[in-house]
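Asks: Kindly generate the corresponding structure for this input.
(one chain, ligands or ions: 1)
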Amino acid sequence: MASAAVDLVIFGASGDLARRKILPALGALVTREGTKLRVIGAGRSHSTNEQFRELVKEASGNSPLAATAEWVTLDYADPESFAPINALITGTPVVIFYLATPPETFSPILVAIANSAMATKGDPSRRVVLEKPLGHDLPSAQKLNAQLATAFDEMQVYRIDHYLAKDTVQNVLAFRFSNSLFEPVWNRNLVETIQITVAEEEGIRHRAGYYDQTGAVRDIFQNHVLQLLALVTMEPPTTFDPDYVRRAKRAALRAMSPLDVTSAVRGQYEGYLDEPGVAPESRRETYAAARVSIENWRWDGVPIFVRTGKALRRRVTEVVIKLRDAPLLRIGGRRQRGIPTLIVIRVQPDEGITLRMGAKRPGPRFELVPAGMRLDYARLTKAPLPDAYENVLSEVLAGGHSAFPGAEEIELQWEIVDPLIKAWESEGSSAETNREQHKKKGQHELPFSIMCERTTSSSGPCLCPSCCPCRSSRARPCSGKARSAGRQR
Ligand code: BG6
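Replies: Numbers count the residues shown, from 1 in each chain. Predicted structure coming up:
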């Protein structure tokens, strides 16, 4: 007999994601909100209830949550093995199926859920949550969406892009549309470029099994970067309700042209090939940068540059909107130095928004210096900023959809990145040559191999890892030779 108001069935509950993200967030959330929730862990490991309870206690730090947890050992290919889950959840008011498993298990799990009638299509009390990767290209994403649509209504499906659940990402909507100061300049008339960086300091850790099949474009561009870009560039939604926000994001994504290999750069950090589990000759990109174009009235002609990488100098996720320069006025016949006007949306760390602009240097002379006005996001609350997974779970429990991309967005995102992935995956075997060439020329200060023949398109910033905005102010960017070399080809 069910005793909880909510059963959260976590497939893959003994895995890394559950331990590091889901269970800690759940521990904090149920304590804060007092939700009567039971965790049912399910997976291939031959665990016992006691062992699983120990795991939940350790990962969530929440003893009452751990005390009621249950474990079910599954053979994903055998629908019969799901019967104990069905028995446990019968009668529970709300049941959430959370697929925190490798993507090849999605299909058998969805079949088992649908066939055993553990969830009925259209019943909002039965919800399914999926972790990425949601496909590895457009056709596989379409297939997954089609399978989901046979068993669930779209409103029962929650596709996780944890970036959307970050407060600072949601704040992009508030920043753009809750005040009238910035929106009038938010277009090709006044914006010169947009740059989005998702830089990580850590390497792939022990995730070679996943990452060496995936790479930076599938891991970060296809989802986090494109969602962020859609929020930054979309038209104002009719309302802030999820349906309208999704609609506005879809329109923005539809206007983005597919990524082009001639204006993209990929690299691999030195030492990647020595990571346990990485194929000896792997050419998987751990760094990727590209130019994106948006072909619509608002953004036509505005260059947008996106970058992501692992093992970079420091962790930073930010959006930088550069406004067109003001005219430079001479003083006493001398040209003033130009101060770029930037809107910097810092997603993490040091969350906030900075408006960088020119100011008069204090003193007798009229001289301009760079200055800034800053919104320090953490100061808006006394509590620590919640982890994105707490927001994800809180939203699923509430049955809301504002932190989740819809099916069509996922497909549009694949349409944008697929041509680049295909081009890179089918490129010849010149990687070694390029690696050596770049090393010999000493063009890059970071220990990276550039695995393509260019570091930028014909205009715009150098896209090599050394020139990533994640560099600390003391680090010198690359010599720029790579950039001109790229142009000559
Ligand atoms: C995940 C990627 O989606 O996002 C990881 O799979 C990456 O490779 C992580 O490290 C980054 O998330 P965050 O919240 O730490 O920026």
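Asks: Please count neighbours and contacts with C-alpha atoms only from this point.
Replies: Noted.
Asks: Sketch out the low-pLDDT regions of the stretch 351-489 of the chain for me.
Replies: 428-445, 453-459, 471-489 (pLDDT under 70).
Asks: residue ranges of the strands in it, please?
Replies: Assigned by DSSP state E, counting those that start in this stretch, the strands in the stretch 351-489 of the chain fall at 352-360, 368-376, 448-450.
Asks: Please name whichever of those is nearest to Ser140.
Replies: Of all these, strand 448-450 sits nearest to Ser140, with 29.1 Å by C-alpha to C-alpha.
Asks: Quickly run through the sheet partners of the closest one, with directions.
Replies: Strand pairing for strand 448-450, determined by DSSP bridges: strand 264-269 (antiparallel).
Asks: Quick one: mean pLDDT over the partner strand.
Replies: Averaging pLDDT along strand 264-269 gives 92.
Asks: what pairs with the following helix or strand past it, and is each one parallel or antiparallel?
Replies: Where DSSP states H and E defines the elements, the next helix or strand beyond strand 264-269 is strand 287-292. Paired strands of strand 287-292, with direction, are strand 264-269 (antiparallel), strand 304-309 (antiparallel) (DSSP bridges).
Asks: ok, residues contacting the last one?
Replies: So the one you mean is strand 304-309. Contact partners of strand 304-309, identified using C-alpha atoms under 8 Å, 6 or more residues apart in numbering, comprise 193-200, 216, 220-221, 225, 286-293, 463, 465, 468.
Asks: do that again at 6 Å, thanks
Replies: The contact list for strand 304-309, computed with C-alpha atoms under 6 Å, 6 or more residues apart in numbering, reads 193-199, 286-292.
Asks: Filter these down to the buried ones.
Replies: 193-199, 286-292 (16 or more other C-alpha atoms under 10 Å).
Asks: closest to Ile410 among these?
Replies: Val292 (17.3 Å).
Asks: State the distance from the closest residue to Ala290 other than its chain neighbours to Thr308.
Replies: Leaving aside its chain neighbours, Ala290 sits nearest to Ala264 (4.1 Å; criterion: C-alpha to C-alpha, 6 or more residues apart in numbering). Using C-alpha to C-alpha, to the nearest Å, one gets 12 Å for the distance from Ala264 to Thr308.
Asks: Ok, Arg53 next?
Replies: For Arg53, the distance to Thr308 - C-alpha to C-alpha - is 37 Å.
Asks: of those two, who's got more company?
Replies: Shown here are Arg53 and Thr308; by other C-alpha atoms under 10 Å, Thr308 has more neighbours (27 against 23).
Asks: Tell me what the more buried one is bridged to.
Replies: Beta-bridge partners, per DSSP bridges, of Thr308: Val198, Ala288.
Asks: pLDDT value on the residue most central in space within the chain, please?
Replies: Central residue of the chain (C-alpha atoms, centre = their mean): His224, 2.3 Å from the mean position. His224 is assigned a predicted lDDT (pLDDT) of 97.
Asks: Just give me the neighbour total for the nearest residue in space to it that is not next to it in sequence.
Replies: Distance criterion C-alpha to C-alpha, 6+ apart; nearest residue to His224, sequence neighbours excluded, is Tyr163 at 5.7 Å. Residues near Tyr163, counting by other C-alpha under 10 Å, number 22.
Asks: Next up, phi/psi of Tyr163, please.
Replies: Dihedral pair for Tyr163: phi -60, psi -40, per degrees, to the nearest 10.
Asks: ok, it to Ala388 distance?
Replies: Counting by C-alpha to C-alpha, the separation of Tyr163 from Ala388 is 7 Å.
Asks: follow-up on the earlier one: make CSV from the contacts of strand 304-309 and add distance to Asn86 to it.
Replies: CSV is the format used below for the contacts of strand 304-309 (distance: C-alpha to C-alpha, whole Å):
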residue, distance to Asn86
Thr193, 53
Ile194, 50
Gln195, 48
Ile196, 45
Thr197, 44
Val198, 41
Ala199, 42
Thr286, 41
Tyr287, 44
Ala288, 44
Ala289, 46
Ala290, 47
Arg291, 49
Val292, 47
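Asks: For these, work out which two are farthest apart.
Replies: Maximum pairwise distance among those (C-alpha to C-alpha): 24.6 Å, between Thr193 and Thr286.
Asks: who touches Gly209 in this structure?
Replies: Here Gly209 is in contact with no residue (C-alpha under 6 Å, 6+ apart).
Asks: need the contact list for Leu226.
Replies: No contacts exist for Leu226 under C-alpha under 6 Å, 6+ apart.
Asks: quick check, it in a helix?
Replies: Yes: when classified by DSSP: H, G, I helix; E, B strand; the rest coil, Leu226 is found to be part of a helix.
Asks: Can we start the residue count at 529 from this point?
Replies: Renumbered: residue one is now 529, and that last one reads Leu754.
Asks: buried stuff in the helix ranked longest in the chain?
Replies: The residue-count maximum for a helix in the chain (DSSP state H) belongs to helix 935-954. In terms of neighbour count (16+ other C-alpha under 10 Å), helix 935-954 has its buried residues at 935-949, 952.
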